[in-house]
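A.B. asks: Pasting a predicted model and its sequence here:
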Amino acid sequence: MVVLALALGGAVMGMGAQQTPLPPGTTPVDSPARNAGVTATTPLAEAEGQMALQNYEPARKLLQPWLTDHPADARALFDVGYIEDAENHPDVAIEDYQKSIAADAKAFEPRLSLGLLLARRDRSQEAIEQLRQAVALEPNPPNPGAQAQAFRALARLERTSDPASAKEHLLEALRLGPEQPDDVLLTAEIATANDDDVTAEAAYRRVLAKQPESSAATAGLVHLLLKQKKYAEAEPLLRSALSRDPQDPALNSQLASTLTYEGKQGEAVGILERLHQMKPEDALIGGMLADAYTQNGNPEKAEPILTDLLKKSPQNADLLSARGENLLQEHRYPEAIAALQAALKVAPENADDWMSLAIAASQDKQYAVVLEALSMRAKYAEENAGSHFLRATAYDNLHQSKQAVEYYEKFLASSAGKFPDQEWEAQHRLIALGKSN
């Protein structure tokens, strides 16, 4: 099988609506095992026969009196949950599935159905717990297809949080039954999360060879191409996908990133502006647009976006950092210092923010803050010409001549002609400091 070979050779789609399995013994309708364990003349058997034909209301009417007489019947409780699930009453269905599990903890079907329903309700961790218990159980009567469904659903849910486990669960699904249309895409997503780019790229390309309209596969492959800095290869893929789905926010975001890397800043900003209008509440898009404005030398346009986003997420380190950079570009140094200090309280390991703080403090003549910021930066990154120069000028302005000379000399040794203006200043300050000594 293609997917099995890809998965074994290497080492998604999100969880969409899953087909809930029919109750025990109800599929196929004409199977000899359909009513295994249930007398054909009982209301329970009649109800399940109606359910197999999707006649849910007659089935419900048969089940209600049965449950009045048999309130702990796990199978009947599951049947009721199945009907509620099929008729799109998820909260009631969850309760019924839970009652069925409480009545029989070893029943496979309610575990699977509850896991699938919780996944559709974006309650992923709870779904994973139910599905893990489901795959450890056996359906009654045997149903390899339902078992494969449980393993496959579990693989989808775990594909980013636990890709190694997801890979094993997908392989189990493939051992139990035939390959499904989305399995190659799922393999690609698992491989991506597992940093197996070779397997992931092969799988994404295989999906696109059969389904060139797949936005998910396009986005996955483009992610890998951007990672490999293959921007010229990514752009036509994105434009082709967007010709089919021009409003897709993920594809538009990727195209904006691609164009930015290619130096096509104006077009990238235009895309992000449209996206921001479509999804003004999306912090990622807002942050990208603000960053594009800042990078393009329009910090005044970025400022209201960042301010608005920070009202909703005041402790978001990325937003605080972005605002600090933006304020630095606007020469609003005291405000930049405050924003960067707030960002560093949340994420103190950000060496770039420590450097930006040192620059803002130097511009604001807060030389003690410069030295403190550079000392903190040194915990997370190596010293460079920039940090040497900032230290030198801070010590110089604090009249600590010995340290200033030391760092001016370190700066000149590491700058290698890359910063002629600063080199000229350092050379002249060394002369002046030498005379003063």
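C.D. replies: Nice, thanks for sending it over. Residues are numbered from 1 along each chain as shown.

A.B. asks: ok, Pro246 to Ser313 distance?
C.D. replies: 29 Å (Cβ to Cβ, to the nearest Å). Just so you know, the C-beta spots here come from the backbone N, C-alpha and C atoms, and that holds for glycine as well.

A.B. asks: Same check on Asp104?
C.D. replies: Going from Asp104 to Ser313 by Cβ to Cβ gives 45 Å.

A.B. asks: what about the two, which has more around it?
C.D. replies: Asp104 (16 against 12; other Cβ atoms under 10 Å).

A.B. asks: Which phi and psi values does the closest residue to the more buried one other than its chain neighbours adopt?
C.D. replies: Distances taken as Cβ to Cβ, 6 or more residues apart in numbering put Ala74 closest to Asp104, at 3.5 Å, once the chain neighbours are dropped. The phi/psi pair for Ala74 (degrees, to the nearest 10) reads phi -60, psi -40.

A.B. asks: Now do the contacts for Ala74.
C.D. replies: Contact analysis of Ala74 by Cβ atoms under 8 Å, 6 or more residues apart in numbering lists 100-101, 103-104, 107, 110.

A.B. asks: Could you save the residues you listed as JSON lines and add columns showing pLDDT and secondary structure?
C.D. replies: Shown next, in JSON lines, are the contacts of Ala74 (pLDDT from 0 to 100; DSSP: H, G, I helix; E, B strand; the rest coil):
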{"residue": "Ser100", "pLDDT": "92", "secondary structure": "helix"}
{"residue": "Ile101", "pLDDT": "94", "secondary structure": "helix"}
{"residue": "Ala103", "pLDDT": "92", "secondary structure": "helix"}
{"residue": "Asp104", "pLDDT": "92", "secondary structure": "coil"}
{"residue": "Ala107", "pLDDT": "91", "secondary structure": "coil"}
{"residue": "Pro110", "pLDDT": "92", "secondary structure": "helix"}
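
A.B. asks: Distance to Gly286 added to these, as CSV?
C.D. replies: Output for the contacts of Ala74, formatted as CSV (distance: Cβ to Cβ, whole Å):
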residue, distance to Gly286
Ser100, 45
Ile101, 43
Ala103, 49
Asp104, 50
Ala107, 47
Pro110, 43
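
A.B. asks: Now do the phi/psi pair for the spatially most central residue of the chain.
C.D. replies: The residue lying closest to the centre of the chain (Cα atoms, centre = their mean) is Thr160, at 7.8 Å. Main-chain torsions, Thr160, degrees, to the nearest 10: phi -100, psi -30.

A.B. asks: Which residue comes closest to it once chain neighbours are left out?
C.D. replies: Spatially, and ignoring its direct neighbours in sequence, Thr160 is nearest to Ala193 (4.7 Å; Cβ to Cβ, 6+ apart).

A.B. asks: could you check the distance from that neighbour over to Ala155?
C.D. replies: From Ala193 over to Ala155 (counting by Cβ to Cβ), the distance is 11 Å.

A.B. asks: what residues are shared contacts of these two?
C.D. replies: The contact lists of Ala193 and Ala155 share Ala166, where a contact means Cβ under 8 Å, 6+ apart.

A.B. asks: lowest average confidence, helix or strand, in this structure?
C.D. replies: In the chain, no helix or strand scores lower on mean pLDDT, DSSP states H and E than helix 2-9, which sits at a mean of 38.

A.B. asks: and the residue nearest to Thr160, how far is that from Pro249?
C.D. replies: Ala193 sits at a distance of 21 Å from Pro249 (criterion: Cβ to Cβ).

A.B. asks: just to revisit the earlier point, how much space between the residue nearest to Thr160 and Leu186?
C.D. replies: The gap separating Ala193 from Leu186 is 11 Å, by Cβ to Cβ.

A.B. asks: just Ile359 next, same as before
C.D. replies: Counting by Cβ to Cβ, the gap from Ile359 to Leu186 is 46 Å.

A.B. asks: More neighbours: these two, which one.
C.D. replies: Neighbour count, other Cβ under 10 Å: between Ile359 and Leu186, Leu186 has more, with 24 against 20.

A.B. asks: okay, now Met376: neighbour count?
C.D. replies: 18.
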